[in-house]
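[1] Sequence first, then the predicted structure, then my questions.
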Amino acid sequence: MRADLPEGHQPRHSFWRRLTHASPARLAIAAFLAVVGLVTVALWLPISTTSGHAPPFIDALFTATSAVCVTGLTSVDTANYWSEFGHGAILVGIQIGGLGIMTLGSIMTLMTFRRLGFRTRLLAASETGSTSLGEVGLLVRAVAVISAAAESVIAVVLISRFVTTGEPWPRAVWHGVFYAVSTFNNAGFAPTDHGLEPYLADWGVLVPVGLGVFIGSLGFPVILDITRHLRHPRRWNLHTKLTVSVSLVLVVASAVLLSLTEWNNPATLGDQTTGTTLLNSVFTGVNTRSGGFATYAIDQQRPATIIAQDALMFIGGGSASTAGGIKVTTFAVLLLAILAEARGDRDMEAFGRRIDPSTLRVAITVTTAGVVLVFIGALGLSIIGAGPPDHVIFETISAFGTCGLSTGLSATLPWDGKLILVALMLVGRLGTMTIAALVSLTNRRRLIRLPQERPIIG
C-alpha cells in the first residue's frame with residue numbers, strides 16, 4: 001500500500017491483489033459459484049419460462065448448476081420449459097463454465113492486473129498441464145481463441161445442415177450456435193424438442209456433434225500441443241500422447257461393447273440399419289465419457305450397457321478440458337502402475353518416458369475422492385427413496401462426472417434429491433481439479449524420514 005497517498009485513496013486493486021496472491025484457487029472457486037448464482041437468478045425470472053411464471057427455485061438452481069458445470073442433467077424439459085431468454089441464460093452459463101475453474105481464475109487475474117502472480121501461475125500450470133510458468137499467461141489467453149474458433153466451425157456446419165432439413169434461417173442459426181457451444185463444452189444441453197433423438201440416422205448432425213464433443217474432451221493443453229506439432233506427432237508431450245491414445249481406446253472399446261449389447265435391443269438400436277447402429281454406437285461411446293447427448297432413451301438400455309457407461313462416466317475426459325470425471329490421464333497412470341507392479345518394474349513408463357511416482361499419489365487421491373463422493377451421493381439418494389439402485393448409481397456418477405446422461409431420474413426427484421445432485425455437480429466440477437492441484441503443491445521434501453516398513457497388501 002502506497003504511503004504517499006492519503007487514507008481512503010489507496011489503490012482499489014490492493015485488496016483483490018492480496019486476495020488473489022494469497023489464495024487464487026479460492027478466488028476462482030468463488031467466481032465460479034458467483035456465476036452459478038447469477039444464472040440461477042436469471043432463470044428464476046418469469047421471463048425465463050415459456051409459461052411466463054417463475055419456476056420453482058430448486059429447478060432454476062439445478063439447471064444453472066448443470067449449465068455452469070457443463071453437465072447437462074435437467075429437472076425440466078429444456079426445449080419446451082425455458083423461453084428464448086432462459087435458453088440464452090443457459091448458453092452463457094455453459095460458455096463461462098466450459099472455460100474451467102483454474103482458467104477462469106487466471107483470466108480474471110489477467111484482466112485485473114495484466115499479469116499473473118507466482119502462486120496463480122503454479123495453480124494454473126497444474127490445471128492446464130503447462131510445464132513452463134511463463135507459458136501460462138499465453139495459454140489462458142489462447143483458451144478463448146480456441147473455444148471461439150472450434151465453436152464457430154461446428155456452428156457453421158450445423159447451421160447449414162439444419163437449413164437443409166427445412167428449418168427457417170433464424171431458427172437454424174440459433175440451434176446451430178447453441179449446439180456448437182453445448183457440444184464443444186461437453187454440456188449436453190439440447191434446445192430442440194426431444195434433443196437429438198429426431199436425428200438418430202442423420203450423419204450431418206451426429207458427426208459434427210460427436211467430433212466436437214471428442215475434441216472438447218481432450219483439453220486445451222492437448223489441443224495446443226497438437227496444433228503446434230500437427231505434422232510431427234512424435235513431438236507431442238507425454239500428456240498429449242496419453243490423453244489421445246487412452247481416449248481413442250475408450251471410444252473404440254465402448255462403441256464395440258455398445259454394439260454388442262444394444263444391436264438386438266428393439267427399444268434402442270435394434271430396429272435400425274447397420275450403418276445407423278454403428279454411427280450411434282460410436283456417437284454414444286464418445287458422449288458417455290462427458291458429452292451427455294443421447295439419441296435414444298437411456299433407461300431402455302440393457303443392464304450391461306448401463307454398467308459399462310457407469311465406468312466410462314467415472315473416467316471422464318482429458319485434464320483441463322470441458323469434460324469431467326477423474327480424467328483419462330488419471331486412469332492411464334493407475335493402469336501403468338498396475339502394469340509396472342505386475343511386471344516387477346520399479347518405474348512406470350510410457351512412450352519412452354518415466355512417470356514421476358508422485359503422479360501416482362495424485363491419481364490415487366483423486367480416484368479415491370471420486371469413489372467416496374459417488375458412494376455418499378448414491379447413499380443419500382437411496383435413503384430418500386429416489387428410485388431403483390441401478391438408476392440411482394447411474395444418475396449419481398453422471399452428476400459427479402459432469403456427463404449429463406440420464407435415466408430420467410433427475411426430473412422425478414424431490415427437492416432434497418435435486419440438492420444432492422447439485423452438490424455432486426459442483427464438487428465433481430471443482431473438487432477433483434482442486435484436490436489434484438493442492439496435492440501437487442503440497443509435495444514437500446523432508447530432511448528426516450522415518451524408518452521404512454512394508455505392510456501386507458491383498
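    Yes, it's here. Numbers count the residues shown, from 1 in each chain.
[2] Now Leu336. Nearest residue, chain neighbours left out?
    Met348 (4.4 Å; C-beta to C-beta, 6 or more residues apart in numbering). Heads up, the C-betas are built off the backbone N, CA and C, glycines and all.
[3] Likewise for Gly93?
    Closest residue to Gly93 apart from its sequence neighbours, by C-beta to C-beta, 6+ apart: Ala67 at 3.5 Å.
[4] which parts of whichever strand or helix holds that neighbour are buried?
    For Ala67, the element it lies in under DSSP states H and E is helix 57-68. Neighbour-count burial for helix 57-68, with 16 or more other C-beta atoms under 10 Å as criterion, is recorded at 58-68.
[5] ditto for stretch 251-265
    Result for stretch 251-265 [16+ other C-beta under 10 Å]: buried residues 251, 254-255, 257-259, 261-262.
[6] Nearest to Ser358 among those?
    Compare each of the buried residues of stretch 251-265 with Ser358 using C-beta to C-beta and the shortest gap goes to Val251, at 29.4 Å.
[7] and the closest one, that one's in a helix?
    Yes - counting by DSSP: H, G, I helix; E, B strand; the rest coil, Val251 is located in a helix.
[8] Now it: closest residue in space that isn't a chain neighbour?
    Gly285 (4.9 Å).
[9] quick one: contacts for that neighbour?
    By C-beta atoms under 8 Å, 6 or more residues apart in numbering, Gly285 lies in contact with 250-255, 258, 312.
[10] which among these gets closest to Pro303?
    Checking the contacts of Gly285 against Pro303 with C-beta to C-beta, the nearest one is Leu258 at 13.0 Å.
[11] Would you check that that closest one makes contact with Ala308?
    Yes - applying C-beta atoms under 8 Å, one finds Leu258 in contact with Ala308, separated by 7.3 Å.
[12] Just the helices from the stretch 251-400 of the chain, written as ranges.
    274-286, 303-315, 328-343, 357-383, 389-400 (DSSP state H, counting those that start in this stretch).
[13] For the residue nearest to the spatial centre of the chain, which non-adjacent residue is closest in space?
    Nearest to the geometric centre of the chain sits Ala323, at 2.4 Å (C-alpha atoms, centre = their mean). In space, and not counting its chain neighbours, Ala323 is closest to Gly317: 2.3 Å by C-beta to C-beta, 6+ apart.
[14] Could you report the neighbour count for the one you found?
    Number of residues near Gly317 (other C-beta atoms under 10 Å) recorded here: 31.
[15] what's the residue nearest to the centre of the chain sitting at in phi/psi?
    Ala323 adopts backbone torsions of phi -90, psi 170, taken as degrees, to the nearest 10.
[16] Next, work out how far apart it and Tyr179 are.
    To Tyr179, Ala323 is 17 Å away according to C-beta to C-beta, to the nearest Å.
[17] how about low-confidence regions in the stretch 51-200 of the chain?
    The model of the stretch 51-200 of the chain has pLDDT under 70 over residues 100-140.
[18] in it, which spans are strands?
    Secondary structure of the stretch 51-200 of the chain (DSSP state E, counting those that start in this stretch): no strands located.
[19] which stretches of it form helices?
    Counting by DSSP H, counting those that start in this stretch, the helices of the stretch 51-200 of the chain are 57-68, 78-81, 84-98, 101-113, 118-128, 136-164, 169-184.
[20] among those helices, which is the most enclosed?
    Greatest average neighbour count among these goes to helix 57-68 (a mean of 25), per mean count of other C-beta atoms under 10 Å.
[21] The residue nearest to the centre of the chain and Phe214 touch, don't they?
    No - the pair Ala323 and Phe214 does not pass the contact test of C-beta under 8 Å, sitting 9.7 Å apart.
[22] I'd like the buried residues of stretch 251-265 as CSV, with distance to Leu426 and pLDDT appended.
    Formatted as CSV, those follow (distance: C-beta to C-beta, whole Å; pLDDT from 0 to 100):
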residue, distance to Leu426, pLDDT
Val251, 28, 94
Ser254, 27, 93
Ala255, 31, 93
Leu257, 31, 93
Leu258, 30, 91
Ser259, 35, 90
Thr261, 32, 93
Glu262, 32, 93
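[23] quick one on the thing from earlier: can you put the contacts of Gly285 in a markdown table and add distance to Ser48?
    A markdown table is the format used below for the contacts of Gly285 (distance: C-beta to C-beta, whole Å):
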| residue | distance to Ser48 |
| --- | --- |
| Leu250 | 37 |
| Val251 | 36 |
| Val252 | 41 |
| Ala253 | 41 |
| Ser254 | 36 |
| Ala255 | 38 |
| Leu258 | 36 |
| Leu312 | 33 |
